[in-house]
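Engineer: my questions are about this predicted structure, shown below with the sequence.
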Amino acid sequence: MTVLSRVNNSKIARWWWSVDRFSLALIAAIVMVGIVLILAAGPVAAARLHISNDFHFAFRQIFFLAPALLTMFGVSLLTPLQARRLGVLVFVGAMMLMVVAVLFAPEINGAKRWLDLGAFGIQPSEFAKPGFVVVAAWMLAEGARNSNFPGGLIGMALYGIFAVILLLQPDVGQWFLMTAVWAAMFFIAGWSWLWIISLCVLAGAALVGGYFFFPHVAQRVDGFLNPAGTENYQVERGLEAIVNGGPFGKAPDAPALKMHVPDAHTDFIFAVAAEEFGFFFCLLIIILFAAFVMRSFMLALEQRSLFTQCAVSGLTAMFGLQAIINIGVSLRAMPAKGMTLPFISYGGSSLIATGLTLGLILALTRAQGPVWRRKEIMP
Amino acid sequence: MAFFGRLRKKRAPRAYVIAKTDSRQIEQTHAHITARGAKSRLAERAHARIGMVLVVFCVTFAGLGARLAYVSLGYVGFKSAAVRAGAPAEHLARTEIVDRNGVLLAVNLPMMALEVTRAEIWDARETADALADVLEGVDVDALEKKLTQARYIEVRSDLTPAEQDAVFALGLPGVRFTPRVQRYYPHQSLASHVIGHTAPGKGGVMGLERVLEARGNTNPLVSSIDIRAQQVLEDELKKAMAIFSAEAAWGGVIDTDTGEIIALVSLPDFNPNAPGAALDDWRRNRATYDRYELGSAFKAFTAAAVLETGAGDEASEYDARGTYQVADRVIGDFHGENRILKFSEVVQHSSNIGAARMAADLGPERLRTMLSALGLTEPLPIELYENRSPGLPSKWGPVETATISYGHGISVTPLHLLAAYAGVVNGGVYRAPTFLKTVTVREGARVLSPKTSAIMRRVLRRVITDGTARQAEVQGYYPIGKTATADKPHAGGYDKSVRIASFVGAFPGYSPRYVVLVSLDNPKPTDSTYGYATAGWNAAPTFSQIVARIAPILRVTPVTDTSAFVAFASDESSTDANVVVSSVTIGGAP
């Protein structure tokens, strides 16, 4: 660690000593688990999709991991103000791309989420999410600081636009996620309980409305409430794989049910983990995510500005909720909803966007000595 | 700003002042001032609320962990697919059943079940219409109703590949095919009572299908049935049932040398491919499970016992004039010769009095021993579970002995009678019947001397030439046999108007290879029978037609009078029972 000695005043050294190294360690562990799992699940998915190279998904995932980690590192070097500016830029850019996607992109699996960039596509909504959290946190904090500034209204309007675009795609899962995150941020920023209760009622109404107006939502809710009746094929196969794993994973010669799990490399990678490595490994995955989420919330608690509190909490909630929904669906604890497991599921956009999210969390939670404070304008 | 609730409005003046405080100052003096600042109060509230969110997340993650343990450690109530995958394979291994010549009687067909998931279909009516179009026996309205009510519907469990293609070509959503194995009986109702059937979840529940349940190996089960003979027997019995308006009919063919059942019919029958469609009564195997008082057929056993024990011989005479009283029972003759009858005439004319006098000479003990030796007092050791023990009198007094001599007061299954006759005419060796093709020579028990058997053949031949069964004659086969018309037991006695008419006979008569039993339950007189409904008028001609058709199938060739007479005159049986080697080819005779 001579390179990164405390007296070393280089940017990297300062970063190392100010960043939360416990969070870094947890992220590293999650990345490791992700590599192991994509090696287990990738060949299965490749076989199902008739891709001749068994390690197509594994290689691509590892290939995308580098830019994702670089993004994370790069973003975490930023000061809070720079991070906020980046968030705004990303949000505006991603929103524009989402509009383009809704207007011009071809429909894939019944949704217009992808922009084709030649060798791979990007999913702008993945980037819009952390951007939105940062912008919303900024607006909320500004609104709280300056009573003349309609931060809450702007935040709500931005949420409205974002929600409309997500529902136009349609991507009900992301919309639900962002609504929950947005609610958590408003809650933290000091929403009155009256508002919370009335909006809970509204949300309930929206859910009922979704049930009646979006047939595929209704179908999934039905499927969740009556697993015996409308067997959800993916969830059912996933559950079988989990049961097959038992406490320590299936025997090497046992039949591998992961072969029959659709989306084994993305939405149902947790089921593959359970079959291959068993209950204790899966518990470790849950503990890793839980630990990172707890740690980030603790760091948010230590923050002194409302902006950083809100932004860190929002980003953490987003990251944590994504993991919870993904794992919950695999365990049939909630209705089937396509959601990636951050840093573990296959997907370039998802990986890099997760890198961005974690980078923002790290940047905003860096220890800020007196020197830093002078240099920065803390929001 | 309404979003931030009361706090901001109420404390606005104070907040305004302190909000201008430099944040660095707040930090340095937080002990005194921070607690009062609106911004810091906001931060404090944010602090508390982040704590709440943290707790919510904590609980949620803990819940996920618990759910994972619950699912992963096997508390979810379903079997893993690996376990379920084992089930159809087991079913696939179900042994096939073939007849004695290797013709398939029960086979396994791979089929597809057609299932529809309600949530995945677009339009119930459209789906039902389309399926009904390509599948037979699908009721559009009933299916549509099911599709709107149940969440998961199995439309058919037995799609053929062609039907599956047709459904597949419809391109309907929500339609799924699951591989199944269907037990199929290519001969439909033919031999249904012997083959039996399976029931979902239970396996074989009847006949040889049930026998399979206890059988370990997976080689095809070779039954003793010859499906061609079975076809003839069933065909002729159905015809007779229709002509004589009988309520039921049954019959059988047994190989006299081996005890193998070549054919066994019980009518009405059922289609084992759809056993549920038939009445329970139709599924009952009358030939092995029902017992009847089969009447006069027993006179042959009485006569054989007389010869065998020396209680009389061919020259003995029996007074059949008037009636014969045993204790309180008055015995009369139906055919009423009303004269002194010779030994063979007792059987020929089916004289109850003659038989009762024979039994009186024998005594109960010797008659009983003979019936036991012929397997008529114990349940048959057959493979089928549809088996019945005979109904015997509680005591063998003089009256019982007298009535049993002509077959009243004792009830046996039709199969009992068939096997006993084989023992009487084949040279005197009794073999219990079997439904499995025998590969090795089966042990038999000598019950009569070859001489007694030869005399009985001649006596039974006269039944057809000069007795009650003239219509049983078959040109060139010289059949032998005995009619039996029994009144059905009724509460407190016998119902004279309801009878069972039977004929049990063997062919070729001079050296029997097969014994055939024909029974009609309550046949009615017709114009061509001149108002008679006794066995000689219905069962006997049916027997004749059956023998004429199955003898060529069973490779028995007709012979001339000369060679037949020589064989009849011989006291030795050409299928000598001492030589238990399977068969002498009767077809070899000129």
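Structural biologist: All right, it came through fine.

Engineer: C-alpha from now on. contacts and neighbour counts both.
Structural biologist: Will do.

Engineer: now do stretch B:356-370: distance to the chain's middle.
Structural biologist: When C-alpha coordinates are averaged (Cα atoms, centre = their mean, to the nearest Å), stretch B:356-370 and its chain have centres 37 Å apart.

Engineer: between the two ends of that stretch, how far is it?
Structural biologist: Criterion Cα to Cα, to the nearest Å; first-to-last residue distance in stretch B:356-370 is 15 Å.

Engineer: mind listing what's buried in that stretch?
Structural biologist: Along stretch B:356-370, the positions that meet the burial threshold by neighbour count (16 or more other Cα atoms under 10 Å in any protein chain shown) are B:A356, B:R357, B:M358, B:A359, B:A360, B:L362, B:G363, B:P364, B:R366, B:L367, B:R368, B:M370.

Engineer: I'd like the average pLDDT over it.
Structural biologist: Within the predicted structure, the mean pLDDT of stretch B:356-370 is 90.

Engineer: including secondary structure and distance to chain A, could the buried residues of stretch B:356-370 go into JSON lines?
Structural biologist: Putting the buried residues of stretch B:356-370 into JSON lines (DSSP: H, G, I helix; E, B strand; the rest coil; distance: Cα to the nearest Cα, whole Å) gives the following:
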{"residue": "B:A356", "secondary structure": "helix", "distance to chain A": "72"}
{"residue": "B:R357", "secondary structure": "helix", "distance to chain A": "76"}
{"residue": "B:M358", "secondary structure": "helix", "distance to chain A": "75"}
{"residue": "B:A359", "secondary structure": "helix", "distance to chain A": "72"}
{"residue": "B:A360", "secondary structure": "helix", "distance to chain A": "75"}
{"residue": "B:L362", "secondary structure": "helix", "distance to chain A": "74"}
{"residue": "B:G363", "secondary structure": "coil", "distance to chain A": "73"}
{"residue": "B:P364", "secondary structure": "helix", "distance to chain A": "70"}
{"residue": "B:R366", "secondary structure": "helix", "distance to chain A": "70"}
{"residue": "B:L367", "secondary structure": "helix", "distance to chain A": "68"}
{"residue": "B:R368", "secondary structure": "helix", "distance to chain A": "65"}
{"residue": "B:M370", "secondary structure": "helix", "distance to chain A": "65"}
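
Engineer: would JSON lines of these with distance to B:Y510 be doable?
Structural biologist: Putting those into JSON lines (distance: Cα to Cα, whole Å) gives the following:
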{"residue": "B:A356", "distance to B:Y510": "28"}
{"residue": "B:R357", "distance to B:Y510": "28"}
{"residue": "B:M358", "distance to B:Y510": "25"}
{"residue": "B:A359", "distance to B:Y510": "27"}
{"residue": "B:A360", "distance to B:Y510": "30"}
{"residue": "B:L362", "distance to B:Y510": "27"}
{"residue": "B:G363", "distance to B:Y510": "31"}
{"residue": "B:P364", "distance to B:Y510": "31"}
{"residue": "B:R366", "distance to B:Y510": "27"}
{"residue": "B:L367", "distance to B:Y510": "26"}
{"residue": "B:R368", "distance to B:Y510": "28"}
{"residue": "B:M370", "distance to B:Y510": "23"}
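
Engineer: of all the residues you listed, which two lie farthest apart?
Structural biologist: For those, the maximum inter-member distance is 16.5 Å, found between B:R357 and B:M370 (Cα to Cα).

Engineer: related to what we said a few turns ago, now flag whichever of the buried residues of stretch B:356-370 is closest to B:A48.
Structural biologist: Sorting the buried residues of stretch B:356-370 by distance to B:A48 puts B:R368 at the head of the list, at 102.4 Å, by Cα to Cα.

Engineer: low-confidence stretches in the stretch 201-350 of chain A?
Structural biologist: Counting by pLDDT under 70, the low-confidence segments of the stretch 201-350 of chain A come to A:215-217, A:219-220, A:222-234, A:251-257, A:259-260, A:262.

Engineer: for it, what lies in contact range of chain B?
Structural biologist: Applying Cα under 8 Å from any Cα of the partner chain, we find that the stretch 201-350 of chain A lies next to chain B at A:219, A:229-230, A:239-247, A:255, A:257, A:274, A:278-279, A:282-283, A:286-287, A:290, A:293-294, A:297, A:300-301, A:304-306, A:309, A:313, A:320, A:324, A:327-328, A:331, A:333.
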